[in-house]
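Need a 3D model of the following:
(5 chains)
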Amino acid sequence: MESIPIEHGLILAAILFSIGLIGVLTRRNIVFVLMSLEIMLNASGLAFIVAASRWGHAEGQIMFLMILTLAAAEVAVGLGLIIQMFRRYKTVDINELSEMKG
Amino acid sequence: MLDLIWLLPTYPLLGFLALVLTSGRLPKKIVGIIGAGSVGLSFLTAAIIATQFLAGGEDYFVKEVWAWMAVGSFTPGFSFYLDGLSLVMMLVITGVGFLIHLYATGYMADDPSFSRFFSYMNLFVAAMLMLVLGDNLVLLYLGWEGVGLCSYLLIGFWYTNPANGYAARKAFIVTRVGDTSMAIGLFLLFAQLGTLNIQDVLHAAEAEWAVGSGLAIAAALLLLGGAVGKSAQLPLQTWLPDAMAGPTPISALIHAATMVTAGVYLIARTHILFEIAPSVQLLVAWIGLITVLMAGFIALTQSDIKRILAFSTMSQIGYMFLALGVGAWSAAIFHLMTHAFFKALLFLASGTVILSVHHEQNIFKMGGLRKKLPVSFASFLIGSLALTAFPFTSGYFSKDEILLAALEMDGPGTILWVGGVLGAFLTGIYTFRLFFIVFFGENKGHVPENEVGGIHMNGPLFLLMILSLVGGFIAIPVESVFSHGEVHEEHHVSTLIHGFMIAVPLIGIVISYLFFYAKIFSIEKLMSIPISQTLHRFWFSGWGMDWLYDRLIVFPFLWLSKINKADLIDSFYAFIVKFARASNAMIVRTQTGYIRWYALSIAAGLVVLISIGVLL
Amino acid sequence: MILVWLISILFVGGIIAWLSERINPAYPRIIALITVVLDLLLMLSVLGSEPNAGGWIASVNAEWVPRFGISFYLALDGLSVLLILLTGFLGVIAIGSAWDEIKERAGFFYFNLLWTLAGVLGVFTALDLFLFFFFWEVMLIPMYFIIAIWGHENKNYAAMKFFIFTQVTGMLMLVSILMLAYFHLVQIGNLSFDYHDLLRIEMGNQIEMWVMLGFFVAFTTKLPSVPFHSWLPDAHSQAPTAGSVILAGILLKTGAYGLIRFAVPLFPEASLSFAPIAMTLAAISILYCAKVAFAQTDIKRLIAYTSVSHMGFVTLGIYAWNEQALQGAVMTMLAHGLSAAALFMLAGGLQHRIHTREMPDMGGFWVKVPRMAVVALFFSVAALGMPGLGNFVGEFLALLGAFQANIPITVISAFGLILASVYSLWVIQMIFHGEYTDKKIDDSHLTDLNGREMFYFGAMMLGLVWMGMYPQSFLNLSQPVLVELLNNTQSIFAAVVQN
Amino acid sequence: MIILFYLAAAVAIIATVAVVLQTNIVHGLLYLILSLLAVAVIFYVLGAPFAAVLEAIVYAGAIMVLFLFVIMMLNLGQHTQNQERTWLTPRGWIGPSIMAAILLGQLLNVISGIDYEIVPTQVGVMQVSALLFGPYVLAVELASILLLAGLVAAYHLAKTK
Amino acid sequence: MITTLADLLPLMPLLITTATTIVAMIVIGIRRNYAVTAGITIAGLLIASLVAVSMISTTNSQVTPLLIVDQYSLFFTVLICVTAMLITIFSFPYLANLDDSKEEYYLLLSIATIGAIVMVSSNHFVSTILGLETLSMSLYGMVAYPVHSKLADKFPLEASVKYLVLSAAASGILLFGMALIYAQTGTLEFSSIVNVTKETPGLGTGFAIVALIMVFIGIAFKLSLAPFHMWTPDVYEGSPLPATTYLATIGKSAMFVVLLRFIVTTEALSFDSIILVISLVAIVSILAGNLLALLQNSLKRILAYSSIAHMGYLLIALVASYYVQGAISVEAVTFYLFAYMVMSIGAFGVISIVSSSEKEFDDIDDYQGLFWRNPWLALVFTGMLLSLAGIPLTVGFIGKFYLFFAGVEAGLWTLLVVLILGSGIGLYYYLRVVYRMLLSPKGGERFKSGGSQYMGAHGVLAFVLALLLILGVYPTPLVSIIETISLNIL
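Got it, this is the predicted structure:
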């Protein structure tokens, strides 16, 4: 099998991570924010898989599994909060949530 | 009996305590008895001690009462040192002091603060005795400061008038400048010689310091600073005229007879120091001379009876300084004594006058009082004659000695003599100007009903009249004190010069007579000359010294105080507070409440920290 | 053991006083008075005992935090005795001055008062540096409460300023203490905060200077000295009278004590080279604060500035570091303790009577309150350094000693004597002299000093006269301690001078 | 294989960019699923078939469906899409993008410093599960606790009272 | 490797806490009863802490690669369990009147405790992430718990969303950093990254540094270190008080233990730039935290801002650990964390005891004159605030003494100066609150904190105050315990 330079895998992860970060920073729709967070987590997972395949380990995959679990739980709670938010504010604009400051 | 020397200051001190602790609850009679009596007791004791001492023939006598403090080699004690010099001083203080106390019982009889007055007076006498009897400079300094305090208290005795308070503070602060100089002198002496016992200091200084050495000059200069402050000599003379705000007995006791001469005493006491610093000794002479003349000219223009006397005091002390400066130590002390007699007399007499004319002090509102106030008239006559050195009065002998000593001095002696004679001329004019204006001519203001008096006021006056007349025949036993350095020979001067010296004050009296009694010369005409007006204003204001000091020291100090009331240094801390608040206001704005902003800060932190981490 | 008793009596007494308020609001002050008098008697009982070989009259040493080599080490020598006696004496005076003034929440007030005193006693006796620091801070908290609760119109600001100044500089001292302990660890091999152990530490010149500065700043803030003095006028003007008495009379002395006991002996070389700066600061304090004092119209602020000015003589004396100068510093501490306390009590008494501290509103009070006027005059005169009273002995000795160390600075400082007379007499003029006319103030309560007040003032006057006329009884106590300190540093100084 | 890697990578990047730029929320979600699937392919290429399968089933399947449910519940209409357009102004995204670009640049900088070729070896289900039920059994248990926490929290928060 | 039951013995506290959760869940399933649920939680946490105490002197083992159960982790296990129990006691009256189902709160609380215990026992990325996320996940729930209540005073929803979104982003950063470390070291255990960079050619130190920084930032977010602190005040303010307390005490200390183990094990401080970064973060945190709190009027926000500063102080000891011989800086961190937990429980406890889910007394105006209205509470609060300010007689002073000591030994002069500066500013706002309490009372709503259901809470306050003072005056017992356990870290 041909080899793949490890840096390319990590670079891909970094790119996805950055795009996710841009999403978190720019989107006002909270659902998109949540999705961007998923992109970031997924990018981390990708980095783990890349690293695991460098070492030929299974540990990295386990870490990926944990990230998956974490993502699932987070999305569950996050979406629960979004529902409550929509009920209260009738909007998905994250800027609405700025009553506490100073 | 000599051992009981400590009783001298103790009596008045006890009197002071008794009066303070009862604080005005005693009847005036008892207050008077305590106040004057304690000083009288002191005088009696002093007299007995003096006779014993003189009979004993010892040069000096030391009595340590108790050790004050002992810190390493610094061991001043409450020890009294008696020799001819302190003997004279002690007798003058207690004697004249007693007479003035006695006079004051009458003079102050109507004052509501009678008791307070005598408590201060007693404290003063106690302090003054400490000053002259102390065998070390620290004890001397204690008395020195103590008399200063009493002077302050008594000048400001009538405290309701702010002007009196001002005068009192001025007196204290100006003299304190001198005192500080003296204190530094003490530090210097101790640092260099390891002791502050006066005799030890003198011996050590003589042994260790070469004549004219820098240290000797510095030490003598610093002590001189103290002396000019206390004795109202140039340049610290400005407080004395204002000090006349106090009750007249105070002026007599403190500001004529005793305290102001403390500077003379100090220099005489430490004369060896001045001898090994000849340049400073010469400076003393010059200071004395200049003060004589300055004060004389000022006195020519004054209209307040007490101020005239004050300037004359200043001028007479100038003579004493002159004497000290030319090395005529005993002449200085002799003049100190005679001056105490006749100046006390003059002040007390002026007190009677003032009281009789209902507290009027302007001589131009008096006049023609000769008939109404005979005792005062007699007192003034004798006092004035003594002051102008009318032959064979007490002042004549002492002043004569001074001038002769100046004449005999090498170098600037002649100039000093000329100046001194000029001063005597001025003395003649201003003294009799006062005399003629007050007692002759038309009355222009208050006509007194009758002379205030009584035995306790007139008695002292009579005694002082006698002393002023015959005081010149008293021989003061100071040879042993000054034998060391003084040239003690008969004065060989021609009769011409002697005659001249006698004549000059008389000419002054005559001029005064022509102007103010016979009115042959008109003072108004003289004043119409522009230059004389200017001079008059200039002299009247005391050569503008007050004006100068105000501009140089007082106003800048007040200005500095005013602009820095809030304490500049504190504003630095205030700035820190302001800065913290501003930072808070700025940084709180970053807590916008927006999630995206918060996320941005995280991202920014990430970027910045990684940059720092990678680049460094 | 007696030392533990001395301190714990106050702590316990404070708690009892607080609790007793629930029974009767009049009890706290009585309990406080009894406690302090008891303590004072206990202190006096120490006077008779002979010091042991090390010069300590009493000591107690127990392990406290062995991890850091910290021990509970208290000891008493002549110097400490003088200061704790001052503390006890002024403690009684302070309670007296609070007797009528503090009506609200008296229990808590006396609790704080006694705890402050306990902290001060700890400071004066602690020989473990950690313990010293501990007490150093402990005395501040109750003082904060005293100012913050019973203070005047601007109490929050004043209390806060006081606390932050002393705390922040205290932390600098903590760093320095830790440096010492660390050097002990490096050089001897174990941690120790014991004063005697730390005396042996050698440090490089530069480090020693920095470490010394930590102590110096903390102590001169408390002292206080320019430029760390500006908390004092605020604290004093706002504090209740008893607070001012404690603050001016005792708390300031802890700084001076620290300099004598710790700052110089622990760092002799650095102190020697720092002495000119310290003395310059002292001279600036003396003159600058005297000048600022003169400008004040608030009587308490004025007295506060004069305190700074007077404490300048203490710094001057300490850094001159010879016997006269040190004795002078000690005497100034004692005498200023009494005179400043008395002046603050007078100011407090006036404020209590006419509800203002502004001197321009006063004037001519001599007529109305002659006894008060005389007392005020006495203490003003004492403050300006009249010979025969304690302050003179202190200041004269300090200057006398300082002159041997540094002539120009001493000469400049001596001008403080002139300025002292300027402001002291000005106060008398403003308040008591002049014509008594109807001013803006309400004078219906302007009554003369009562018997109790006269008793307190009389006691302080006697104290000052005693100090002024026979200071030997005080000098003898501190003399062996100071001589010992001087001897210990002499060889080091000599070595430095040789180099 | 290697071409597949780069192809999938390209798809993943493009799809992800599309998610971030999308205004229609359902489209966005679909792009996200596409991105996740592309990543799954990469996993496979890198020799992690188990992870690839889980990525596809759990991530792209289950979790995204959760999103879909919620989007349907919220029932955001056309106006939100317009709103999204107004929200996505350059002012809003230029700053963050520059910052993200710098971050990316730094990451690329350090990552490209590595010089190591991966020769993908298959790490299959067996190995992973051996680990999971061996030394990492606690991880599984803890993961279950994590999910329990998520469950309780989500239950409590999402319920209608 | 087969895991046997015996291997699990060291995990007893963890297992008991888990069992508590499950029992509570079952009980809720059978019949909802608020008091019973709370009681089960308290009992379970108590048993767990007692068991942990009994194990502390004997146990020292690595249980699977994931968890290390040594004296250090057990010490914190005890601390966490006890703290969780105390918070439960506070929660009871606080939530008593909530118009919603209340029992799940205790489930979340005990699950969070499980997460925290895992964190303090973790020296492996997997367990770190799992523990951290378990804790966070429960906290999202706890923070937003009163979201359905019509009477809820604050903004739990907003707080929870903020916390979730930002925390997830931080987790992403943390995970990415871990992945990079894994790529470099090939192991998920905390292991010396320095040795790897030395031994493995082709891997730049820049890579390691970026990875370490990303992990540090992920952790720094949870510790609310500047500039990752911004969520803190909002989340503190919006959360119900017991949740805030939990976040401030257990959340912070568990995370710091992880950071400590991580930094020490990876020898991250051998990189100068890591020291620089951590020092910078410490400086910025101390200054920003204290300055932000300066004029704040909300007590919760004051405490939030001050926690930023306190975490900054702790970083000083962390940095010092690189320079000093022996365990002194670890001891400093440990003691300070202990002290910080004590004073935070006390401070939040006082606010919590007078508040309820309907009305939180959060403004310092509410506390004006408390000293005269309710001396007991004022005394406790004053004690806690002075302790936070580091004033002697309190445990906070000993903590600060430790920090200073570590700093001095390490010669971190700049950081010490900042520490002093920060403490100086800190005095201001702590005293500001104290001063308010000293003022004369003014009208306004009275606190109701009497009654039987508050007994426990008052007891807790008394306990905490006693701890604060006793350890402030005589810290030796705790000092020697910490001295022993800290050796485990190195």
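
could you pull out the helices for the stretch 451-600 of chain B?
B:455-470, B:479-482, B:495-512, B:523-527, B:530-540, B:545-549, B:555-563, B:568-588, B:595-615 (DSSP state H, counting those that start in this stretch).

scratch that, chain D is what I was asking about
For chain D, the helices defined by DSSP state H occupy D:2-21, D:25-45, D:49-54, D:64-74, D:78-87, D:90-111, D:125-132, D:137-158.

Pick out the shakiest of those, pLDDT-wise.
Of all those, the minimum mean pLDDT falls on helix D:78-87 (a mean of 79).

now the helices: where do they sit in the stretch 51-200 of chain C?
Using DSSP H, counting those that start in this stretch, helices in the stretch 51-200 of chain C cover C:78-98, C:106-125, C:129-138, C:140-150, C:155-187, C:195-199.

Format these as TSV; extra columns: distance to chain B.
The C-beta positions use only the backbone N, C-alpha and C, and glycine is treated the same way. What follows is these, written out as TSV (distance: least, CB to the nearest CB, whole Å):
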stretch	distance to chain B
helix C:78-98	14
helix C:106-125	22
helix C:129-138	21
helix C:140-150	17
helix C:155-187	8
helix C:195-199	23
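
one step back: looking at the helices of the stretch 451-600 of chain B, which is closest to E:Ala309?
Among the helices of the stretch 451-600 of chain B, the nearest to E:Ala309 by CB to CB is helix B:568-588 (12.6 Å).

Whether that closest one contacts chain C - can you check?
Yes. Applying CB under 8 Å from any CB of the partner chain, one finds helix B:568-588 in contact with chain C at B:569-570, B:572-573.

which residue packs closest to the residue nearest the centre of chain D, ignoring adjacent ones?
Nearest residue to the geometric centre of chain D (CA atoms, centre = their mean): D:Leu36, 5.4 Å. Nearest non-adjacent residue to D:Leu36, counting by CB to CB, 6 or more residues apart in numbering or on different chains: D:Ala60, 4.1 Å away.

Name the SS class of the residue of chain A found nearest chain B, please.
Proximity of chain A to chain B (CB to the nearest CB) peaks at A:Lys101, 3.1 Å away. Secondary structure for A:Lys101, judged by DSSP: H, G, I helix; E, B strand; the rest coil, is coil.

Now do the contacts for the nearest residue to it once chain neighbours are set aside.
Leaving aside its sequence neighbours, A:Lys101 sits nearest to B:Gly593 (CB to CB, 6+ apart; 3.1 Å). Applying CB atoms under 8 Å, 6 or more residues apart in numbering or on different chains to B:Gly593 gives the contacts A:97-102, E:234.

same question, E:Asn290
Per CB under 8 Å, 6+ apart, neighbours of E:Asn290: E:305-306, E:309, E:422, E:425-426, E:429.

pLDDT score for the residue nearest to D:Leu36?
Reading off the model, D:Ala60 has pLDDT 88.

how close does it sit to D:Ile33?
5 Å (CB to CB, to the nearest Å).

One more: E:Leu157?
Going from E:Leu157 to D:Ile33 by CB to CB gives 29 Å.

which one of those two has more residues nearby?
Between E:Leu157 and D:Ile33, counted using other CB atoms under 10 Å in any protein chain shown, E:Leu157 has the larger neighbour count: 24 against 21.

How far off centre is the host helix or strand of E:Lys300?
Using DSSP states H and E, E:Lys300 falls within helix E:299-323. Distance of helix E:299-323 from its chain centroid, counting by CA atoms, centre = their mean, to the nearest Å, is 11 Å.

Now look at that helix and say if it contacts chain A.
Yes. Contact of helix E:299-323 with chain A (CB under 8 Å from any CB) involves E:Arg301.

Show me what secondary structure element comes after that helix.
helix E:328-354.

What residues of that next one count as buried?
By neighbour count on 16 or more other CB atoms under 10 Å in any protein chain shown, the buried set for helix E:328-354 is E:328-354.

what about E:Gln62, which helix or strand?
strand E:61-63.

and the very next helix or strand once past that strand, what does it pack onto?
Following strand E:61-63 in sequence order, the next helix or strand is strand E:67-69 (DSSP H and E). Under the contact criterion of 3 or more CB pairs under 8 Å, 6 or more residues apart in numbering or on different chains; DSSP states H and E, strand E:67-69 touches strand E:61-63.

so what does the strand it packs on touch, helix or strand wise?
Using 3+ CB pairs under 8 Å, 6+ apart, strand E:61-63 sits against strand E:67-69.

and the next element down the chain from the strand it packs on?
Defined by DSSP H and E, the subsequent element after strand E:67-69 is helix E:71-95.

how distant is that following helix from the center of its chain?
Worked out by CA atoms, centre = their mean, helix E:71-95 lies 11 Å from the chain centre.

thinking again about what came up before, out of the contacts of B:Gly593, which are buried?
A:97-98, A:100-102, E:234.

so which strand or helix has E:Ser356?
Using DSSP H and E, no helix or strand contains E:Ser356.

ok, it touching E:Phe90?
No. Between E:Ser356 and E:Phe90 there is no contact under CB atoms under 8 Å: 11.0 Å.

Of the two, which one has the most company?
Counted by other CB under 10 Å, E:Ser356 and E:Phe90 do not tie: E:Phe90 has more neighbours, with 26 against 21.

which non-adjacent residue is nearest that one?
E:Phe90 sits nearest to E:Ser352 (CB to CB, 6+ apart), 4.8 Å away.

which stretches of the stretch 401-550 of chain B aren't confidently modelled?
Low-confidence segments of the stretch 401-550 of chain B (pLDDT under 70): B:445-446, B:483-493.

Write out the residues of it neighbouring chain E.
Counting by CB under 8 Å from any CB, no residue of the stretch 401-550 of chain B is near chain E.

what about the closest residue to B:Ala252 other than its chain neighbours, distance to B:Pro505?
In space, and not counting its chain neighbours, B:Ala252 is closest to B:Phe347: 3.5 Å by CB to CB, 6+ apart. B:Phe347 sits 20 Å away from B:Pro505, taking CB to CB as the criterion.

Helix or strand: which one has B:Gly148?
Here B:Gly148 is assigned to helix B:137-155, by DSSP H and E.

That helix packs against which elements?
By 3+ CB pairs under 8 Å, 6+ apart, helix B:137-155 packs against strand B:77-83, helix B:114-133, helix B:162-193, helix B:198-208, helix B:214-230, helix B:248-252, helix B:262-269, helix C:390-405.

mean confidence score for it?
90.

and the angle from it to helix B:214-230?
20 degrees (axes from the mean of the first three to the mean of the last three CA atoms, to 10 degrees).

Single out the residue in chain D that lies closest to chain A.
For chain D, CB to the nearest CB, closest residue to chain A: D:Gly150, 2.9 Å.

Spit out the contact partners of that residue.
A:72-74, A:76-77, E:137.

would you turn those residues into JSON lines with neighbour count and distance to chain D?
Output for those, formatted as JSON lines (neighbours: other CB atoms under 10 Å in any protein chain shown; distance: CB to the nearest CB, whole Å):
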{"residue": "A:Ala72", "neighbour count": "20", "distance to chain D": "6"}
{"residue": "A:Ala73", "neighbour count": "24", "distance to chain D": "3"}
{"residue": "A:Glu74", "neighbour count": "27", "distance to chain D": "7"}
{"residue": "A:Ala76", "neighbour count": "22", "distance to chain D": "4"}
{"residue": "A:Val77", "neighbour count": "29", "distance to chain D": "5"}
{"residue": "E:Met137", "neighbour count": "31", "distance to chain D": "4"}
